[in-house]
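In: can you look at this prediction? I've put the sequence above it.
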Amino acid sequence: MYKIEKKENYEIYAFDEIDLRIKIVDNNLLKNVYINYKGYNPLFTMLLGEFSADCEIDSIHFDVKSENSRQNNTLYAIVQKRSFRAFY
């Protein structure tokens, strides 16, 4: 089971049993999706696997961006709102 923590412009889905956090930031037509699994960001590993190919088959288009700062280098997915349900 999971719980949803709603903030002003984002939501966090917390799956405590498997230590997974998904943060979804709403930017009008796009959603930024940040993933934290056991303290790690699995997005790069997902891209190396079949995840992006599976998304293409299902006509789900997304981009990957990086937030660079002194404290972290975070990858996140940018998904169009109309494709979000299928992506998530």
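Out: Received, thanks.
In: where does the most centrally placed residue in the chain fall, secondary structure wise?
Out: Centroid-nearest residue in the chain, with C-alpha atoms, centre = their mean: residue 33, separated by 2.7 Å. Take DSSP states H and E as the rule and residue 33 turns out to sit in strand 30-37.
In: report all helices and strands that that strand contacts.
Out: strand 20-27, strand 73-80, helix 81-87 (3 or more C-beta pairs under 8 Å, 6 or more residues apart in numbering; DSSP states H and E). The way it works is simple: take the backbone N, C-alpha and C, and place the C-beta from them, glycine included.
In: buried residues in the first one, which are they?
Out: What that stands for is strand 20-27. 21-24 (16 or more other C-beta atoms under 10 Å).
In: which residues does that strand contact?
Out: Here strand 20-27 makes contact (C-beta atoms under 8 Å, 6 or more residues apart in numbering) with 9-15, 31-38, 88.
In: among those residues, which one sits closest to residue 47?
Out: residue 35 (11.7 Å; C-beta to C-beta).
In: so that closest one touches residue 43, yeah?
Out: Yes: in this structure, residue 35 is within contact of residue 43 by C-beta atoms under 8 Å, at 5.8 Å.
In: which neighbours do the two share?
Out: Common contacts of residue 35 and residue 43 (C-beta under 8 Å, 6+ apart): 76-77.
In: ok, back up a step: most surrounded residue in the contacts of strand 20-27?
Out: Among the contacts of strand 20-27, residue 31 has the most neighbours (other C-beta atoms under 10 Å), with 22 neighbours.
In: how close does it sit to residue 77?
Out: 9 Å (C-beta to C-beta, to the nearest Å).
In: which two from the contacts of strand 20-27 end up farthest apart in space?
Out: Within these, two members stand farthest from each other by C-beta to C-beta: 9 and 38, at 26.0 Å.
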